[in-house]
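> Provided below are the primary sequence and the corresponding predicted coordinates.
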Amino acid sequence: MRYDVYLAAGLPVGTGVVESACGSVVKHRMEGEGKRWSLEGAEAMLTLRSLKKSHDHDLRDSWRFRAGQERVRLSTSKPKYRPTARLRCVA
């Protein structure tokens, strides 16, 4: 990072804000007794949590967009199995 340029522009360069955000956004929600997460579930939860903590009022629109993208991804994927050919009756 070019700290001198960012400091001259008045931008924060410390990691304290980022570490605090990780604690309040990620750790408190994801860790806990009995909590287990798949990668997809954790990503979805962190997306919603980040939007909520950022006070973004377009949560519903964002989630609908994400769900639509996932629906398109799942509906356009090819099957992972190879269908078997029909067998002829030879009796």
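Nice, thanks for sending it over. Numbering: from 1, shown residues only.
> C-alpha only now, for contacts and for neighbours.
Will do.
> Tell me which residues of stretch 17-29 come out buried.
For stretch 17-29, burial by neighbour count (16 or more other C-alpha atoms under 10 Å) applies to 25-26.
> What's the separation between the most centrally placed residue in the chain and residue 30?
Nearest residue to the geometric centre of the chain (C-alpha atoms, centre = their mean): residue 43, 3.0 Å. Applying C-alpha to C-alpha, to the nearest Å, the value for residue 43 to residue 30 is 10 Å.
> Residue 5 now?
35 Å.
> More neighbours: which of the two?
In terms of neighbours (other C-alpha atoms under 10 Å), residue 30 is the more surrounded of residue 5 and residue 30; the figures are 14 against 10.
> Got the confidence number for that one?
The model reports residue 30 with a pLDDT of 78.
> Equivalent analysis for residue 80, please.
The predicted structure scores residue 80 at 66 on the pLDDT scale.
> and the closest residue to residue 51 other than its chain neighbours, how many residues sit next to it?
In space, residue 51 comes closest to residue 59 once its chain neighbours are excluded; the distance is 6.5 Å by C-alpha to C-alpha, 6 or more residues apart in numbering. By the measure other C-alpha under 10 Å, the count of residues near residue 59 is 16.
> contacting residues around residue 59?
By C-alpha atoms under 8 Å, 6 or more residues apart in numbering, the contact set of residue 59 is 48, 51-52.
> Among the residues you listed, which lie within helices?
If you go by DSSP state H, the contacts of residue 59 have 48, 51-52 in helices.
> Can you say which of those residues are buried?
Under a neighbour-count criterion of 16+ other C-alpha under 10 Å, the subset of those counted as buried comprises 48, 51.
> Out of the ones in helices among the contacts of residue 59, which is nearest to residue 67?
For these, the closest approach to residue 67 (C-alpha to C-alpha) belongs to residue 48, at 12.0 Å.
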